[in-house]
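Student: no FASTA, just this:
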C-alpha cells in the first residue's frame, strides 16, 4: 500500500460488462476479460476478483480464476478473493482449505460471512493465520436487506455489526504484529461501526459507481490513516476493453484516494 496506494481494484466479469466489451458470455469471454484486467492492474497493490462471476461458468470459470490469481501474484499484486464464504465445522474447514490453504484458489486474503456466529469462522481464521493470509469479515454492508440483521441491537447494547468488528479486533489483539483480520464496511452507509480499535484493515466497497465518494472516506468510523482499503470495480471497468484505458481509469481513482494513506 505504501508503494502502490490503498486502492483495491475489482475484477467483476458481469454479463453486461462482457457485452459492453464485445466479449462472449462464456468461458472464453471470461478469460479475455480477466487477461485485460491482469494487464491493466499490474503495478497496483490489491485486486479483488468477484468469485461468483467465475463460479457461474462452472469448472471452466474456476480454471480462469485460478489463472488470474496466479498471474496477479506473479506480477506482485496481492489478491483478495471475494468469495464471502461462511459455514460451520468441517464444511468451514473445507472452505478454508480452498481459499486460504494450499489449493490453486488460495489467495492472499478472502472475504467471509460471520452471520452463522463469528466463532464459526475459526477454521478459516486458523488456516489463514498459519499461512500468512488475511480474512475480511463482513460487518456492515450497504445492501438495504443487511440492516435488519447487522443493525439489530444485542443485549449488551451493541449492534450486531459492532460485535463483529469487536470480535475481529479481539483476534487481532491476540496476534503478534499487525492484525490480519479485517472487516468489510460499505462506503455508502450513513452510520458505520466504530473501527478505531480494530487493529486491522477495513475493506470499503461501493466507491464510484455505487455512490461512495473518495473524499468522504477519511476517518470513516474512526479508522486510522492507512487502515482503509477503498474498493472500486465498475467505475474503472467501464473504461474497457482497452487495457491502457482501464489502467488510466484505475490510476485516476488511485489518485483520488491517495489521501487515505498519505
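Tutor: Received it, and whenever you're ready, just let me know what you need. What you see is a predicted model; the values in this text were computed from it and never measured.
Student: Show me which residues of stretch 71-84 are buried.
Tutor: Neighbour-count burial for stretch 71-84 flags 71-72, 77-84 (criterion: 16 or more other C-beta atoms under 10 Å). C-betas here are computed from N, CA, C, even on glycine.
Student: Show me these that map onto strands.
Tutor: 78-84 (DSSP state E).
Student: residues making contact with the helix or strand containing residue 229?
Tutor: For residue 229, the enclosing helix or strand under DSSP states H and E is strand 228-232. Outside strand 228-232, the residues that touch it by C-beta atoms under 8 Å, 6 or more residues apart in numbering are 1, 6-10, 46, 48, 182, 187, 201-209, 212, 214, 217-218, 220, 250, 253, 257, 260.
Student: for this protein, what's the longest helix?
Tutor: When the chain is scanned for its longest helix (criterion: DSSP state H), the result is helix 58-74.
Student: counting contacts, what elements does that helix pack onto?
Tutor: helix 27-41, strand 46-49, helix 51-55, strand 78-85 (3 or more C-beta pairs under 8 Å, 6 or more residues apart in numbering; DSSP states H and E).
Student: who touches stretch 171-180?
Tutor: 125, 128-129, 132-135, 168-169, 181, 198-200.
Student: Now, those that are in strands?
Tutor: Reading strands off the contacts of stretch 171-180 with DSSP E, I get 134-135, 181.
Student: Can you show me the helices along the stretch 51-200 of the chain?
Tutor: 51-55, 58-74, 89-100, 122-130, 147-150, 160-174 (DSSP state H, counting those that start in this stretch).
Student: Could you dump those into TSV with distance to residue 242 and mean pLDDT added?
Tutor: TSV is the format used below for the helices of the stretch 51-200 of the chain (distance: least, C-beta to C-beta, whole Å; pLDDT from 0 to 100):
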stretch	distance to residue 242	mean pLDDT
helix 51-55	20	98
helix 58-74	18	98
helix 89-100	31	98
helix 122-130	36	97
helix 147-150	39	91
helix 160-174	39	97
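Student: Let's have the ones you listed in CSV, adding distance to residue 109.
Tutor: Formatted as CSV, these follow (distance: least, C-beta to C-beta, whole Å):
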stretch, distance to residue 109
helix 51-55, 13
helix 58-74, 12
helix 89-100, 8
helix 122-130, 8
helix 147-150, 21
helix 160-174, 13
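Student: So which of those is nearest residue 38?
Tutor: Residue 38 lies closest to helix 58-74 among those, at 4.7 Å (C-beta to C-beta).
Student: Compile the contacts of stretch 171-180 into a markdown table and extend it with columns for neighbour count and distance to residue 22.
Tutor: Below are the contacts of stretch 171-180 laid out as a markdown table (neighbours: other C-beta atoms under 10 Å; distance: C-beta to C-beta, whole Å):
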| residue | neighbour count | distance to residue 22 |
| --- | --- | --- |
| 125 | 23 | 42 |
| 128 | 25 | 39 |
| 129 | 16 | 44 |
| 132 | 9 | 40 |
| 133 | 22 | 36 |
| 134 | 23 | 36 |
| 135 | 26 | 37 |
| 168 | 29 | 42 |
| 169 | 20 | 46 |
| 181 | 26 | 41 |
| 198 | 26 | 43 |
| 199 | 20 | 46 |
| 200 | 23 | 41 |
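Student: quick check, nearest of the residues you listed to residue 62?
Tutor: Nearest member of the contacts of stretch 171-180 to residue 62, counting by C-beta to C-beta, is residue 133, at 19.0 Å.
Student: what's near enough to touch that closest one?
Tutor: Per C-beta under 8 Å, 6+ apart, neighbours of residue 133: 100, 106-110, 127, 180.
Student: one more time with 6 Å
Tutor: Residues near residue 133 by C-beta atoms under 6 Å, 6 or more residues apart in numbering: 100, 108-109.
Student: need these in CSV with neighbour count, can you?
Tutor: Formatted as CSV, the contacts of residue 133 follow (neighbours: other C-beta atoms under 10 Å):
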residue, neighbour count
100, 31
108, 20
109, 26
